[in-house]
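Colleague: Sequence first, then the predicted structure:
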Amino acid sequence: SRAIKIAPSILSADFANFGAECRAIEDQGADWVHVDVMDGHFVPNLTFGPAMCAAIRPHIRGVMDVHLMIAPVDPYIEAYAKAGADVITAHLEAGPHIHRTLQAIRNEGKKAGLALNPGTGIDAVAHLLDMVDLICVMTVNPGFGGQKFIHSQVDKVRSLRAMIGDRPIHIEIDGGVTVETAPLVAAAGADVLVAGSAVFKGGSVANPAPYGENIRAI
Ligand code: DX5
Ligand code: ZN
């Protein structure tokens, strides 16, 4: 069986205390820290940019998993690499030259991730398997935390795992992951589970213990 990693999304964290929140979720057992970058153009929401990523980098001991919900993406890859991202994930739908985008991420010496929106089929990645270290299957429409899991994506995960075979490629699930939905995607072949609202609910920087309880439950 595959070891499952939990990657809490700081989109659901206290926006006035990102550094402390990153330390808290790692202290409470997070495997990765998922950083949701949104530009208000590719998605109808705006979060933070390279400077904020650089600011939290010293507060993250482990993997900083940067999810770029931005278009165009190529002009900003270097900035996120220099900010300290370990994994840089671009959306296939963000532009016409995804192969070039993945090359640019790898040229920065970073792990390359490819995110698929719910409407995008896995045939889109069939010829990119040598260019990715991670495929992020969106199980909500990107832009917000706390949305409902889109169950039709579970079959996509199963087909993707079959396509990947034993290649060293993570399947990351992003959106609506809870104690109820996590088993579905883990059984289908996912190995990294992003969770925002399900991890941060009930806790705070002052009282982070619920973060650990929520992570262990997932
Ligand atoms: C949505 C983001 C997700 C989101 C997950 O656009 O990419 O990472 O923060 O939040 P939950 O786990 O609350 O659905
Ligand atoms: Zn995300």
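Modeller: Perfect, thanks for sending it. As the structure is a prediction and not an experimental result, all values here were calculated from the model. Ligands and ions are numbered 1, 2, ... in the order given.

Colleague: did I read that right, Val199 in a helix?
Modeller: Yes: counting by DSSP: H, G, I helix; E, B strand; the rest coil, Val199 falls inside a helix.

Colleague: quick one, phi/psi of the residue nearest to it when sequence neighbours are not counted?
Modeller: Spatially, and ignoring its direct neighbours in sequence, Val199 is nearest to Pro8 (4.1 Å; Cβ to Cβ, 6 or more residues apart in numbering). Any C-beta I mention is one placed from the backbone N, CA and C, and that applies to glycine too. Backbone torsions for Pro8, taken as degrees, to the nearest 10, come to phi -60, psi 140.

Colleague: list the contacts for Pro8?
Modeller: Residues in contact with Pro8 (Cβ atoms under 8 Å, 6 or more residues apart in numbering) are 25, 30, 33-34, 194-196, 199-200, 211, 215.

Colleague: quick one: the longest helix seen in the chain to chain centroid distance?
Modeller: Counting by DSSP state H, the longest helix found in the chain is helix 153-164. Distance of helix 153-164 from the chain centroid (Cα atoms, centre = their mean, to the nearest Å) equals 17 Å.

Colleague: tell me the mean pLDDT over that helix?
Modeller: Computed over helix 153-164, the mean pLDDT rounds to 98.

Colleague: where along this structure do the strands fall?
Modeller: 5-8, 32-38, 63-69, 87-91, 111-116, 134-138, 170-174, 192-195 (DSSP state E).

Colleague: Out of those strands, which is closest to Val185?
Modeller: strand 170-174 (4.5 Å; Cβ to Cβ).

Colleague: helices or strands next to that closest one in the packing?
Modeller: Secondary-structure packing of strand 170-174 (3 or more Cβ pairs under 8 Å, 6 or more residues apart in numbering; DSSP states H and E): strand 111-116, strand 134-138, helix 153-164, strand 192-195.

Colleague: Which stretch among the ones you listed is buried most, on average?
Modeller: strand 192-195 (a mean of 28; mean count of other Cβ atoms under 10 Å).

Colleague: Can you list the low-confidence ranges for the protein?
Modeller: 1 (pLDDT under 70).

Colleague: Next up, the contacts around the closest residue to ligand 2 within it.
Modeller: Of all residues in the chain, His67 sits closest to ligand 2, at 3.7 Å by Cβ to the ion. Taking Cβ under 8 Å, 6+ apart, we find His67 in contact with 9, 34-37, 89, 113, 115, 136, 174, 194.
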